[in-house]
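[1] kindly generate the corresponding structure for this input.
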Amino acid sequence: MSLLFLYDALAAAADWSFARSSGPGGQNVNKVNSKALLRVPVAALALLSDQQRVLVSEKLASRIFEGELTIHVQDTRSQLENRELALRRLELLIRQALVPSKTRRATRPTRASQERRLTAKKAVSRNKQGRGRLFDD
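    As a prediction, this is how the structure comes out:
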């Protein structure tokens with residue numbers, strides 16, 4: 001998949017809205033809708049197979065609401081730059097979601113790490129045992 005092809009496909013499926021930004025801009029923030037809100041239906045991602053769509057839905061579940069992948073950008077004072085950043089972030093999120101995660105291989109702690117843990121526990125125990133014994137009965 002070429003970068004330009006993916007970028008154009010995402011831009012075509014995008015639904016934009018704009019709001020007043022809380023970012024930089026001084027008094028201009030109160031007048032200009034520079035915050036870009038990008039919503040793309042996951043089903044509209046035509047470049048993805050069904051398997052890839054499920055993978056994207058699982059990995060980006062926190063960003064998906066009612067079947068739409070949502071991105072908010074208010075980094076710059078310019079609405080156009082925020083739009084570009086939103087598309088780039090969307091593309092990056094999709095690319096990262098499609099990278100398969102490595103399976104965890106079970107390992108055992110080394111003898112040295114076990115000894116360090118036990119000596120640290122003994123030190124904490126000694127500190128606690130030394131507390132609160134100011135008077136003999």
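
[2] counting neighbours, what do you get for the nearest residue to residue 28 once chain neighbours are set aside?
    Once flanking residues are discounted, residue 28 sits nearest to residue 77: 6.6 Å by C-beta to C-beta, 6 or more residues apart in numbering. Bear in mind the C-beta positions are built from the backbone N, C-alpha and C, glycine included. Residue 77: 16 surrounding residues under other C-beta atoms under 10 Å.

[3] quick one: what helix or strand has residue 104 in it?
    Using DSSP states H and E, residue 104 is not contained in any helix or strand.

[4] please report how far it lies from residue 78.
    Residue 104 sits 43 Å away from residue 78, going by C-beta to C-beta, to the nearest Å.

[5] pick out whichever of the two has more residues nearby.
    Set residue 104 next to residue 78 and count neighbours by other C-beta under 10 Å: residue 78 wins out with 14 against 6.

[6] who are the contact partners of the closest residue to that one other than its chain neighbours?
    Of all residues beyond its chain neighbours, the one nearest residue 78 is residue 34 (6.5 Å), with distances taken as C-beta to C-beta, 6+ apart. Residues counted as contacts of residue 34 (C-beta atoms under 8 Å, 6 or more residues apart in numbering) are 18, 20-21, 23, 25, 74, 76-79, 82.

[7] please list only the buried members of those residues.
    21, 25, 74, 76-77, 79, 82 (16 or more other C-beta atoms under 10 Å).

[8] is it possible to get TSV of these that adds distance to residue 50?
    Converted to TSV, the buried ones among the contacts of residue 34 look like this (distance: C-beta to C-beta, whole Å):
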residue	distance to residue 50
21	37
25	43
74	34
76	36
77	41
79	35
82	32
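
[9] which of the residues you listed sits closest to residue 115?
    residue 74 (51.2 Å; C-beta to C-beta).

[10] that older thread, from residue 93, how far off is the residue nearest to residue 78?
    Separation of residue 34 from residue 93 (C-beta to C-beta): 21 Å.

[11] now swap in residue 102 and tell me
    19 Å.

[12] repeat for residue 109
    35 Å.

[13] just the CA trace of stretch 64-72, in CSV.
    C-alpha atoms of stretch 64-72 as CSV (Å, rounded to 0.1, in the frame of the first residue of the first chain):
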residue,chain,number,x,y,z
ILE,A,64,-14.2,4.2,18.1
PHE,A,65,-17.7,5.5,19.0
GLU,A,66,-20.8,4.2,17.2
GLY,A,67,-18.7,2.6,14.4
GLU,A,68,-16.7,5.8,13.7
LEU,A,69,-13.0,6.3,14.4
THR,A,70,-12.6,9.7,15.9
ILE,A,71,-9.6,12.0,16.0
HIS,A,72,-9.4,15.5,17.5
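
[14] thank you, goodbye.
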